[in-house]
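Chemist: just coords:
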């Protein structure tokens, strides 16, 4: 009895030991890739990987040999995995992809189509699906990954958080994760977008510490609006206002700033605190769909340079109406512009039609892109001004009265 | 079974003469210097007082005998029985007097501190309760101290201990069964219960197990615990022990059975459930809401003490994708240059800590402190500075240790300590997957355990809704029906 159970225990112990700690990876055997860049190369792909340098990035006291907190490795290959494998000839450790924060595509590569790259990335089990996709405007992805940034030791983290902050408080840029991109790509009635980034300033020393050793960093990475895709190919860029419009329609605006002109020619500044949009579809007499975007927004007054008497409800109402008019006109114009210039349905109007009129959609599905170009889209906004700040009258007006 | 309970077998007539008696006693007890034979002449009878110095206090008896000597002279050479009667009725003023009719009994009485008065020619001898062991006074219960609540702890004396319980439960239903266990030590063992509340089948089962226990010696209650516990190879204790009389009192009132062993302040309680090991008597002496929070904290501590190192090993060697990126960056930075794999690192630290703790327990208090200072400095600071272990690992080990100390029952802490190493090894070879399987096995094992026929995991499995008022939470006294076996 004793020997039997003892044997069993010994067998169990050897089972744990013989398996040899399958797929065990010690933390200090890993090279954590923080950002991946994919560029076009004549033989296929040029991949760059921004890898964390743990001795520098992790320790509080800072490393001893004065190296930088990240290292960017580059390699080429006919497929992305091949390029990554080849990269191992230069890296001291295994590349670990689970913590990639951003994936940057070079503009040339994006124009040629990102489908294959996305295929590898979704196929690889190590990568998550919640990192951000970016397009490097007017440059290669690798140059973006070369920049040393202030504040964050790791540029990829800096990029990641700047996207989050900019999206939350400015809304002039996209926040597209891999998951969202794939969903938009696969759906029939919509086309994906990505956010763009751009190098700004003197780029001669962007890859060395000297870049951040001055009060004004020589070069900075800047959010560059939204990249419009048609299927998986980049076809163009949107500026700040059209980008905001896209975010309003996609219900992605958390807060943003804006201004209108007052009746007397002054300027009133607003912060949008809450915005919700809904796409309504009506059929005209020829049974063609017409789209109305209903936008409900709440705004706070943040600045006023005008003689408007804010103690009167009528003047608040006046401001609201002006805001609504601005929303209606500007957004409609921006949508019109995308329709004409890119004929790519990044607003997901087709998807909405699919949902609300599934039968009608069947006849449009094949050639939606052409129809999208001519479809009628209007904007109906409803703005409520909630707060006007701690003072009622502008300072200037009060001074004049005294 | 000791001779005490079966005197019929070896029944012998007492020797007829004093000389014979003394010779017989000397041959049985040897010529030990602490055994005192005091010879007396009570009128016509020769008598002997036998006792053990230090265990018995026969001064009052001897003085009384001397005082009444003239009375015995009056009786004259008549019936020795009359002398005995006189003794019992007049002379002996002490409470406990009994007749003993065999040498075996005389021997047992003397050894337990009583004084035996032998009168020549009488067929009986008298055993007088003069037991007076020098013993520790009732002091604070050091192993389970409380902020609020009674401070008394049990002592090494069985009588004292039963009295401490009686004083708290002034109830006629309280029963004490006494027996002697250990063939060589003949230790008194008392079984205490409330006649009207105890589960009779459990009591019957306990008696059966106590009768079946073959023990040569009983020097501490653990000797009994090992004989009566349900599963010998389980790391979890199925017998609760305490040195607090109030805990025993509340257990008795819940219908449990207490086993008191002479010579140790640690009293056993059966049946013991897992939840009991997370309860402290102070839970009932503090506000119930606070007690509930503290109790939940203890369950958390149990999990922390059991799982922290293995979880750390599992996620840092197998599941790096689960660590938030910024935490990962800092962890990697700390592990940079550490020569050992995470498992070995954890193992070294845990073993070092166990050594430190073991050393601290055995050392005198004054030196113990310096050991812990050296230990913390060496482990905490120097090891990290030398790059042997990472700072994160020191934190992991420290949390584990502190959580372990937060468990109110020492013996469940021991189980956690043992299982921790097993889980660490499993985590190092199979990651979280292995840990989950190990935890499932552990849960199954806990569910198979029983304590004296009561499922160990009750009242979770089987679930008794009514009993949940005093498991994870401690509801206020108004809402609790405190009666074990009733739900």
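Modeler: Structure received. Every value quoted in this text rests on a predicted model; they were computed, and no experiment measured them.
Chemist: now residue A:238: how far from chain B?
Modeler: 30 Å (CB to the nearest CB, to the nearest Å). The way it works is simple: take the backbone N, C-alpha and C, and place the C-beta from them, glycine included.
Chemist: I'd say that residue and residue A:226 touch.
Modeler: Yes - the criterion here is CB atoms under 8 Å, and residue A:238 meets it with residue A:226 at 4.6 Å.
Chemist: which element is whichever residue of the stretch 351-487 of chain B sits closest to chain A on?
Modeler: Proximity to chain A, evaluated over the stretch 351-487 of chain B using CB to the nearest CB, is greatest for residue B:429 at 4.3 Å. Element membership for residue B:429 (DSSP states H and E) is helix B:410-448.
Chemist: quick check: mean pLDDT across that helix?
Modeler: The average pLDDT within helix B:410-448 is 93.
Chemist: and it, what does it pack onto?
Modeler: When contacts are defined as 3 or more CB pairs under 8 Å, 6 or more residues apart in numbering or on different chains; DSSP states H and E, helix B:410-448 packs onto helix A:2-18, helix B:288-317, helix B:342-362, helix B:391-405.
Chemist: is the last one positioned near chain A?
Modeler: Read that as helix B:391-405. No - Helix B:391-405 does not reach chain A (CB under 8 Å from any CB of the partner chain); its nearest approach is 9.6 Å.
Chemist: for the residue of the stretch 351-487 of chain B closest to chain A, which non-adjacent residue is closest in space?
Modeler: residue A:16 (4.3 Å; CB to CB, 6 or more residues apart in numbering or on different chains).
Chemist: hang on, residue A:295 is in a strand, isn't it?
Modeler: Yes - assessed by DSSP: H, G, I helix; E, B strand; the rest coil, residue A:295 belongs to a strand.
Chemist: need the helix or strand of chain B with the lowest average pLDDT.
Modeler: In chain B, the helix or strand scored least confidently by mean pLDDT, DSSP states H and E is helix B:80-86, which has a mean of 71.
Chemist: ok, residue A:102 - contacts?
Modeler: A:35-36, A:131-134, A:156, A:159-160, A:163 (CB atoms under 8 Å, 6 or more residues apart in numbering or on different chains).
Chemist: at 7 Å what do you get?
Modeler: By CB atoms under 7 Å, 6 or more residues apart in numbering or on different chains, the contact set of residue A:102 is A:35, A:131-132, A:134, A:156, A:159-160.
Chemist: what does the stretch 251-400 of chain B put close to chain A?
Modeler: Contacts of the stretch 251-400 of chain B with chain A, taken as CB under 7 Å from any CB of the partner chain, map to B:316-318, B:320-321, B:325, B:328-336, B:338, B:341-342.
Chemist: surely the residue nearest to residue B:429 touches residue B:428?
Modeler: No - look at residue A:16 against residue B:428 with CB atoms under 7 Å: they stay out of range, at 8.3 Å.
Chemist: looking at the two, which one has more neighbours?
Modeler: residue B:428 (24 against 15; other CB atoms under 10 Å in any protein chain shown).
Chemist: name the nearest residue to residue B:147, ignoring sequence neighbours.
Modeler: residue B:282 (6.6 Å).
Chemist: report pLDDT for the one you found.
Modeler: On pLDDT, residue B:282 comes in at 90.
Chemist: that one and residue B:407, how far apart?
Modeler: 14 Å (CB to CB, to the nearest Å).
Chemist: around residue B:139, how many other residues sit close by?
Modeler: So residue B:139, with other CB under 10 Å, has 13 neighbours.
Chemist: same thing with the one 3 residues further on?
Modeler: One way to gauge burial is a neighbour count; for residue B:142, by other CB under 10 Å, it gives 9.
Chemist: element containing the nearest residue to residue A:339 once chain neighbours are set aside, please.
Modeler: Excluding its sequence neighbours, the residue lying closest to residue A:339 (CB to CB, 6+ apart) is residue A:373, at 5.4 Å. Assigned by DSSP H and E, residue A:373 falls within helix A:368-374.
Chemist: which residues touch stretch B:56-72?
Modeler: With CB under 7 Å, 6+ apart, stretch B:56-72 has contacts from B:38, B:40, B:42-43, B:49, B:51, B:83, B:86, B:90-94, B:113-115, B:128, B:130-132.
Chemist: just the buried ones out of those, please.
Modeler: B:40, B:42-43, B:49, B:51, B:83, B:86, B:91-92, B:94, B:113-115, B:128, B:130-131 (16 or more other CB atoms under 10 Å in any protein chain shown).
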